[in-house]
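>>> here is a sequence with its predicted model. Questions after.
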Amino acid sequence: MLRATLNQATERVAAIRDKLEFLGPTLARLTLASVFIGTGWGKLNNLGSTTEYFTSLHIPAPAFNAALAAGTEFVGGVLLLLGLFTRLAVLPMAFTMVIAILTAKRDDLDGVRALLGFEEWTYIVLFVWLALGGPGPLSLDAVWARMRHRTAQPGLAKPALRPQT
């Protein structure tokens, strides 16, 4: 009796989990997108100050790298919002966060405990998760994958047009 009740409960929880599975990657993408669209836009609209800040951090080619970081954050954020090219978009964004930790947070980096407290570390973890797990079903990547899958199946492909003779 107890085993049957536990099995039923486990099955109900699994069914709920399966129905809500899309929430994890969707919420991660939307959260990261809101952060990075905002920070990227802010840097793009204030490249002079961003360049000065990069100069103070002794980042080489500060004007170039300020524009690169700003563009990476803004365009990457937009791609995450759409769920488009997600697995590729997160790679330069994660790299940007590694550079942020090694430059802007360098003085605060005194071990793994400090690293785990950085918001940049949290972003890196979410980027890795999205790179490995994908953007989820509520994304343009998923729509594109479904379209490719349909055209790859012979019964669903549109017939080729034949030239008139």
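Nice, I can see it. A quick note: this is a predicted structure, and the numbers were derived from the prediction, not measured.
>>> tell me which helix or strand comes right after the lowest-mean-pLDDT helix or strand in the chain.
One helix or strand of the chain scores below all others by mean pLDDT, DSSP states H and E: helix 112-117, with a mean of 74. Next along the chain after helix 112-117, taking DSSP states H and E as the criterion, comes helix 119-133.
>>> pLDDT of the following helix or strand past that following helix, averaged?
Downstream of helix 119-133, the first helix or strand assigned by DSSP H and E is helix 140-152. Taken as a whole, helix 140-152 has a mean pLDDT of 90.
>>> could you do stretch 22-38 as well?
On average, stretch 22-38 scores 97.
>>> buried stuff in it?
25-26, 28-29, 32-33, 35-37 (16 or more other Cβ atoms under 10 Å). All C-beta atoms are positioned from the backbone trio N, CA, C, and that covers glycine.
>>> residues near residue 65, how many?
Residue 65 has 19 neighbours, counted by other Cβ atoms under 10 Å.
>>> that one: which element?
Assigned by DSSP H and E, residue 65 belongs to helix 62-82.
>>> what's the angle from that helix to helix 140-152?
With axes from the mean of the first three to the mean of the last three Cα atoms, to 10 degrees as the basis, helix 62-82 and helix 140-152 are set at 60 degrees to each other.
>>> with just CA atoms, put the following helix or strand past helix 62-82 into PDB.
Later in the chain than helix 62-82, the nearest helix or strand by DSSP H and E is helix 86-103. What follows is helix 86-103 as a C-alpha-only set of coordinates in PDB (Å, rounded to 0.1, in the frame of the first residue of the first chain):
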ATOM      1  CA  THR A  86      22.200  30.300 -28.000                       C
ATOM      2  CA  ARG A  87      24.900  27.700 -27.700                       C
ATOM      3  CA  LEU A  88      27.300  29.900 -29.700                       C
ATOM      4  CA  ALA A  89      26.200  33.300 -28.200                       C
ATOM      5  CA  VAL A  90      27.000  32.200 -24.700                       C
ATOM      6  CA  LEU A  91      30.700  31.400 -25.400                       C
ATOM      7  CA  PRO A  92      32.000  35.000 -26.000                       C
ATOM      8  CA  MET A  93      29.700  36.200 -23.200                       C
ATOM      9  CA  ALA A  94      31.300  33.700 -20.700                       C
ATOM     10  CA  PHE A  95      34.700  34.700 -21.900                       C
ATOM     11  CA  THR A  96      33.900  38.300 -21.200                       C
ATOM     12  CA  MET A  97      32.900  37.400 -17.700                       C
ATOM     13  CA  VAL A  98      36.200  35.500 -17.200                       C
ATOM     14  CA  ILE A  99      38.000  38.700 -18.300                       C
ATOM     15  CA  ALA A 100      35.900  40.800 -15.900                       C
ATOM     16  CA  ILE A 101      36.800  38.500 -13.000                       C
ATOM     17  CA  LEU A 102      40.500  38.600 -14.000                       C
ATOM     18  CA  THR A 103      40.600  42.400 -14.400                       C
END
